[in-house]
Every structure is written in structure tokens, then in C-alpha cells.
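Undergrad: pasting the sequence and the predicted coordinates here, then a few questions.
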Amino acid sequence: MASIPEEIWLQIFKLVQNARSTVPVDVWGADEQLLQNMARAAHVLPLAETCRAFHRICLPLLFETIVIDGFSGRGPRRAGCLAAVLYHKAHLKNMVSRVHIYWTDEMEEELWGRMEGVIVGLCSVRDMRIQGAYLSTRLLDQHPRLERLVLDLVYPNPTEGPTVHSFDSLKYLRCGPDVKFARNFGTAPFAALVVPQLETLQIDAVYLTGERAYQIRFNPAVLKKLIIESNHSWNATEHEGLVKLLQRASRVKSLELEGRQLNPSFSFTLPDDAIPDLEAFTGEADLVRAFCNGRPVRDLHVTGRSTWSPNRVRPGSVPLEHLHLDWLMWKDGTIEYIAQQCPQLVSLGIIVDGYHRNGTITTRYSMPRLRRAAFLSPPAPNHWYSDDDDGSVTEKEAKLLQESREFWPQLESLRLHPEYFWTYRGLKGGWVQVISWAYDEGALI
């Protein structure tokens, strides 16, 4: 070990830290980010227990992210131990840059008070995620240099009342308040958040109505990405609130509308002068024309199950470069239509409803700029091939790969299976299979 610099060991341990893992059995139902943070620490812990040298190298990795887990059975005990360690070993506090709090009603109030006191004393936190906990004034006010903040299922503190918080360095904010408090009682966990440097805002649809619509105070010249979430069909008031928000966030370049959205009884319209710089849109097929028409949209992600609709392919004022279609009702002419209407595509991702697929896949339609493509057909991974074709799945994929370079000459990556994709390594290297799970964030194409 003495011949290998500690910097090299640190890089190796970071690779171990970020390795994929299965879900721990005692936290089923917890959110994905919580599981990832818990897994990262679990990967490094055995290395830290190997020897003193490894312990010293791993210590920053163990404490860069602290997870206060109220979800699993062992969560309260771990939280208590963590509070004690950080209280008695003050030098560890400087290593903490991310805090993930996932609280539940089962956690003791006294334990939460101790944990809150420890978190308030951390001076290097830049990323904080609070879920299921009471939101206290001191918890936020002691971290004004946060760059990322997630408030999900939080409760207003009953002893304080809502207050105004300012974050001059915050770049990303997500607000998804507890549905019971936000919708039934109209009580937000804060009076206002002042975020002049905010670049990405992700909010629940409840922040489109009433006083909540103005509780997040951002700079329109800085905000570039807006994400709206909803677990219900929007009503007319929320539709109106969305238009007003887009008029305030007039310079956004990316808009995502996630979850259940427009009530079919509403006909949504957007003023022609709203969001004139929009370059990327994610939403259901029925919304594409309203939000993209006449705008320079180059990146389009159509969500939700729907039949094939031509208006989703050429929605804006410029050619599409990136197209992602979810749960498409596939038919034989689909690729031909996309190639004809979107000849400038650089990436193409399609997830097809495997139970409603009519037709196979072919690359015999020219897309000269296409570099990355993915075609998935859940639930079975091999639905793209006709039962009449001879050969195994591997042989069929090899034939398709060979054919693709003729009509898609710039193609570098092709995914036909959720567990791997093919990458082109040039004339000598040819096509190489790479193991990668398709549904990891950013992994589809």
C-alpha cells in the first residue's frame, strides 16, 4: 500500500462508493435518493474498518453525506449514534456537505431535537433535503449558503409560524409540501423563500394558487428550468396559476410538467408571448402544441400513454434535435414518419407499450445526424423482432447494428434492451456491448 499514493486510493474508494446496489430490505417504500445515499455509505464502511490508513482516507467519504433515516427499523438508533459522534468529534462537522433528513411520526421528538441541534452546527452544508419533518426557522437560517434545497412532505412548525428565508447561493429548489396541510388547510411551511440566484425550480402544483403562488421569489433573468409536479388532475385555478407563473418566469429555457396534468374538460391556451426562449419541454401529448407552438423547442419528451399523434413531432419553430416518446402505441410506419419529419435528430428514445405494439423496428430510414438511439418495449425486452425472423436475439441485434451504420452514419450508441446498450468503437473496434440499466437517471439515451 505504501507505494500507492493516498490520492489514488481515494479515487478507487469513490468508485466503490458510487457502485450500484440493491434496495435494503428494511427500507422498502423509501424514496430513491434516500436509498442511494444510504448505499453510498454502506459501500465505504467495510473499507474504513480495514485498517487505520483506510479509515483515515474513507472518513471524508463517510461523512460527506449524512442520512437521518426515520424510515427503516434501525433508523432511530443510527440517528442517535450519528448525533453523538458529531457532537463529540467536532472536526467531523466540516466534512459534511450534504444532509438528507427523512423523518416519520414514529421518531421521538427528543431525538429529533438532538439531531436538529447537530445539523444547525454544521458549517459546510451545501445540499439539504428535508422530508417528513417539521421545518424550523433555525434549521434553514443557519445554512444561508445552501446551493440545493429539497423540502418534501414538510410540516409548518406549530410553535413558530411561517417565516421568510433568504438563500443568496441557492441554485436548485424543490418544494413539495404535505398534501394534507397544503391543500386542506392552506398552510405553507414558510412565508417566503427569497432565492435571487435560483436556476432550477421544482414545485408541487399547489404553489400555483393563492398566496403560495408568490411565496418563492426568484429572479426571472436567472431562472432557466421549471418543473411542475402534480398527483391529481389540475383544476381551472391551477391552470390560471401556471400561466401567471410562466409570465413571471419569462426566460425559462426548459419546462417539465410531471404527473397527472390537464383535466380533459379544459382547453389549455398559453399567450403567444409567454416563455419565448423555451428550448426543452416535457409533458403529455395533449400539451405539446400549446406549450411548444412557435417556440424554439429542440428537445421534446412526451410522457403518458397515448396513440400516435403527428402534432407532437414538429411542435416548434426550429427542427427537433432530441426526441423522447414514452409508452407509444407503436406501428410499422413510426420510424419512417419520425425520419421524415425530424431529419435533424441527434438523439431518439422510444419506450413502447409492449402489449400494444404492432410492428417491428428498422433503421432503413435516413437520419444523418443521429448519434444516440434507444428502443424499449416493456415488459418483454425482445418484442422488437418478428417471430418469423431466423436466429437468436443476439443475431437479430447484430444484423440491426450492421444495418444502422448505413442509414444512421453518425450513430454511436444504440439500446435495444433495458440491461445493456451497444456502443460503436470505430471500424476496428466495431460494436461493443456495455452493461447499463436503462431506467437509471440519464441512462436511456
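TA: Yep, it's here.

Undergrad: where exactly do the helices run in the protein?
TA: 6-17, 32-48, 52-63, 75-88, 109-120, 137-141, 179, 236-248, 285-292, 334-341, 393-407, 426-429 (DSSP state H).

Undergrad: chain center to the second one, what's the gap?
TA: By that I understand helix 32-48. 19 Å (Cα atoms, centre = their mean, to the nearest Å).

Undergrad: ok, now the last one?
TA: Distance of helix 426-429 from its chain centroid, counting by Cα atoms, centre = their mean, is 35 Å.

Undergrad: so which of the helices of the chain is the most surrounded?
TA: Mean neighbours per residue, mean count of other Cβ atoms under 10 Å, is largest over these for helix 285-292, with a mean of 20. All C-beta spots, glycine's among them, are computed from the backbone N, C-alpha and C.

Undergrad: rewinding a little: lowest-confidence stretch among the helices of the chain?
TA: When those are compared on average pLDDT, helix 179 comes out lowest at a mean of 46.

Undergrad: for the stretch 151-300 of the chain, what spans make up the strands?
TA: For the stretch 151-300 of the chain, strands defined by DSSP state E, counting those that start in this stretch occupy the ranges 155-156, 164-166, 172-176, 192-195, 200-204, 216-218, 225-230, 254-259, 280-284, 299-303.

Undergrad: in terms of secondary structure, what does the fourth one contact?
TA: This points to strand 192-195. Contact analysis of strand 192-195 by 3 or more Cβ pairs under 8 Å, 6 or more residues apart in numbering; DSSP states H and E lists strand 164-166, strand 172-176, strand 216-218 as its packing neighbours.

Undergrad: among the strands of the stretch 151-300 of the chain, which is nearest residue 143?
TA: strand 164-166 (9.6 Å; Cβ to Cβ).

Undergrad: could you dump the strands of the stretch 151-300 of the chain to a markdown table with distance to residue 239 and mean pLDDT?
TA: Output for the strands of the stretch 151-300 of the chain, formatted as a markdown table (distance: least, Cβ to Cβ, whole Å; pLDDT from 0 to 100):
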| stretch | distance to residue 239 | mean pLDDT |
| --- | --- | --- |
| strand 155-156 | 27 | 72 |
| strand 164-166 | 28 | 88 |
| strand 172-176 | 19 | 91 |
| strand 192-195 | 24 | 91 |
| strand 200-204 | 15 | 94 |
| strand 216-218 | 19 | 93 |
| strand 225-230 | 11 | 92 |
| strand 254-259 | 11 | 88 |
| strand 280-284 | 13 | 91 |
| strand 299-303 | 18 | 91 |
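
Undergrad: give the contact list for residue 300.
TA: By Cβ atoms under 8 Å, 6 or more residues apart in numbering, the contact set of residue 300 is 280-282, 288, 292, 312, 315, 320, 322-324.

Undergrad: re the thing from before, what's the closest of the helices of the chain to residue 353?
TA: Comparing the helices of the chain by Cβ to Cβ, helix 334-341 comes nearest, at 12.4 Å.

Undergrad: now the closest one and helix 393-407, what's the angle there?
TA: 20 degrees (axes from the mean of the first three to the mean of the last three Cα atoms, to 10 degrees).

Undergrad: mind putting the strands of the stretch 151-300 of the chain into TSV with distance to residue 401?
TA: Shown next, in TSV, are the strands of the stretch 151-300 of the chain (distance: least, Cβ to Cβ, whole Å):
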stretch	distance to residue 401
strand 155-156	53
strand 164-166	53
strand 172-176	38
strand 192-195	47
strand 200-204	37
strand 216-218	46
strand 225-230	35
strand 254-259	32
strand 280-284	29
strand 299-303	25
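
Undergrad: reformat the helices of the chain as CSV; add distance to residue 166.
TA: Below are those laid out as CSV (distance: least, Cβ to Cβ, whole Å):
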stretch, distance to residue 166
helix 6-17, 33
helix 32-48, 25
helix 52-63, 28
helix 75-88, 26
helix 109-120, 17
helix 137-141, 9
helix 179, 27
helix 236-248, 19
helix 285-292, 32
helix 334-341, 47
helix 393-407, 53
helix 426-429, 53
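
Undergrad: nearest to residue 205, out of these?
TA: Using Cβ to Cβ, the helices of the chain put helix 236-248 closest to residue 205, at 5.2 Å.

Undergrad: helices or strands up against the closest one?
TA: So helix 236-248, by 3+ Cβ pairs under 8 Å, 6+ apart, packs with strand 225-230.

Undergrad: what about stretch 215-226, how long is it end to end?
TA: 15 Å (Cα to Cα, to the nearest Å).

Undergrad: buried residues in that stretch, which are they?
TA: 215-216, 218, 223-226 (16 or more other Cβ atoms under 10 Å).

Undergrad: contact partners of that stretch?
TA: By Cβ under 8 Å, 6+ apart, stretch 215-226 touches 173, 175, 188, 190-203, 207, 245-246, 248-256.

Undergrad: what of stretch 237-252?
TA: With Cβ under 8 Å, 6+ apart as the criterion, stretch 237-252 contacts 201, 205, 208-209, 213, 218, 220-221, 223-226, 228, 230, 234, 255, 262, 266, 268, 270-271, 274-278.

Undergrad: what subset of these is buried?
TA: 201, 205, 208-209, 213, 218, 223-226, 228, 230, 234, 255, 262, 268, 270, 275, 278.

Undergrad: which of the contacts of residue 300 count as buried?
TA: 280-282, 288, 292, 312, 315, 320, 322-324.

Undergrad: quick one on the thing from earlier: of the contacts of stretch 215-226, buried ones?
TA: Of the contacts of stretch 215-226, these count as buried by 16+ other Cβ under 10 Å: 173, 175, 188, 190, 192-195, 198-203, 207, 245-246, 249, 252-256.

Undergrad: re earlier: could you export the buried ones among the contacts of residue 300 as CSV, including distance to residue 124?
TA: Below are the buried ones among the contacts of residue 300 laid out as CSV (distance: Cβ to Cβ, whole Å):
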residue, distance to residue 124
280, 33
281, 37
282, 34
288, 43
292, 42
312, 45
315, 44
320, 43
322, 37
323, 41
324, 37
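
Undergrad: how about the strands of the stretch 151-300 of the chain, which one is nearest residue 404?
TA: Taking those one by one with Cβ to Cβ, strand 299-303 is closest: 22.3 Å.

Undergrad: does residue 115 touch residue 81 like I think?
TA: No: with contact defined as Cβ atoms under 8 Å, residue 115 and residue 81 do not form a contacting pair (11.0 Å).
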